[in-house]
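Asks: next comes the sequence, and after it the predicted model I'd like to discuss.
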Amino acid sequence: MIKTLAVGDLQTNCHLLIDEEARECVVIDPGAEPLRIIEAIGSNKVTCIVNTHGHDDHIGANAKLKAKYSCPICVHRLDAPMLTDPNQNLSSSFFLAGLKSPAAGRLLEEGDEITCGKFKLKVLHTPGHTPGSICLISGGFIFTGDTLFCGSVGRWDLPGGNATELKKSIGKLALLPDSLKIYSGHGDSSVLKEELAHNPFFTDSTLYE
């Protein structure tokens, strides 16, 4: 089961991947509103928190969830410094004191796997929005963070962003099975087949210039 909650001022999608039989849950991108997230988790055991990248709107509830569930925070190695540095996670631009998440307990790399009951999430390194942006693929679905949205892609004009790398990452996603359901970091879900057909960032390289 996948539950999605749009949280915080930027309506970041926090996804809960739940194996109902094992009663285990992985929390992906808990950006804000920890009490809402905790209520949605219910009695399931949280095995880990995964941040698809280190921006403040994706890590804002890390601290309270880690304190409640005593679970590791997982993030790509290249974005790990962003968790504890308000200047790097961009929260110093919006909050008087800035936002500091607990440090990562597990540093992710391309090809790593995260287990939740019967689910196995494979890590795809998809830089461009940030150096350590990742997607998580399992069976018929993929969590794309801010790499790929319904009809668009993530920004590359923020610190650490890179248009050339993002274009390569979108090309990498284009090679995946087109039946994959997409759960992104903001906005509606989609299907890769629809994005390949209608998302201009798959076909027009000038959009990255």
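Replies: Thanks, I have it.

Asks: alpha carbons only for contacts and neighbour counts from here, please
Replies: Noted.

Asks: which residues in this protein form strands?
Replies: Under the criterion DSSP state E, the chain contains strands at 2-7, 12-19, 24-28, 45-50, 73-76, 106-108, 113-116, 119-125, 134-138, 141-145, 148-149, 152-153, 181-184, 190-191.

Asks: pairing partners for the first one, with directions?
Replies: The pairing partners recorded for strand 2-7 under DSSP bridges are strand 12-19 (antiparallel).

Asks: the strand it pairs with to strand 45-50, inter-axis angle?
Replies: Put simply, strand 12-19 runs at 140 degrees to strand 45-50, going by axes from the mean of the first three to the mean of the last three C-alpha atoms, to 10 degrees.

Asks: quick one: buried residues of strand 12-19?
Replies: For strand 12-19, a neighbour-count test (16 or more other C-alpha atoms under 10 Å) marks Thr12, Asn13, Cys14, His15, Leu16, Leu17, Ile18, Asp19 as buried.

Asks: about what we covered before: go through the strands of the chain and name the closest to Asn199.
Replies: For the strands of the chain, the distance to Asn199 is smallest for strand 152-153, at 6.1 Å, taking C-alpha to C-alpha.

Asks: off-centre distance for the closest one?
Replies: From the chain centre to the centre of strand 152-153 is a distance of 14 Å (C-alpha atoms, centre = their mean, to the nearest Å).

Asks: what lines up beside that strand in the sheet?
Replies: Using DSSP bridges, strand 152-153 pairs in its sheet with strand 148-149 (antiparallel).

Asks: look up the closest residue to Leu108, ignoring the ones flanking it.
Replies: Excluding the flanking residues, the one nearest Leu108 by C-alpha to C-alpha, 6 or more residues apart in numbering is His76, at 4.3 Å.

Asks: I'd assumed Gly132 was in contact with the one you found.
Replies: Yes: using C-alpha atoms under 8 Å, His76 makes contact with Gly132 at a distance of 5.2 Å.

Asks: now mean pLDDT too, for the strands of the chain, in JSON lines please.
Replies: Shown next, in JSON lines, are these (pLDDT from 0 to 100):
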{"stretch": "strand 2-7", "mean pLDDT": "98"}
{"stretch": "strand 12-19", "mean pLDDT": "98"}
{"stretch": "strand 24-28", "mean pLDDT": "98"}
{"stretch": "strand 45-50", "mean pLDDT": "98"}
{"stretch": "strand 73-76", "mean pLDDT": "98"}
{"stretch": "strand 106-108", "mean pLDDT": "98"}
{"stretch": "strand 113-116", "mean pLDDT": "96"}
{"stretch": "strand 119-125", "mean pLDDT": "97"}
{"stretch": "strand 134-138", "mean pLDDT": "97"}
{"stretch": "strand 141-145", "mean pLDDT": "98"}
{"stretch": "strand 148-149", "mean pLDDT": "98"}
{"stretch": "strand 152-153", "mean pLDDT": "98"}
{"stretch": "strand 181-184", "mean pLDDT": "98"}
{"stretch": "strand 190-191", "mean pLDDT": "98"}
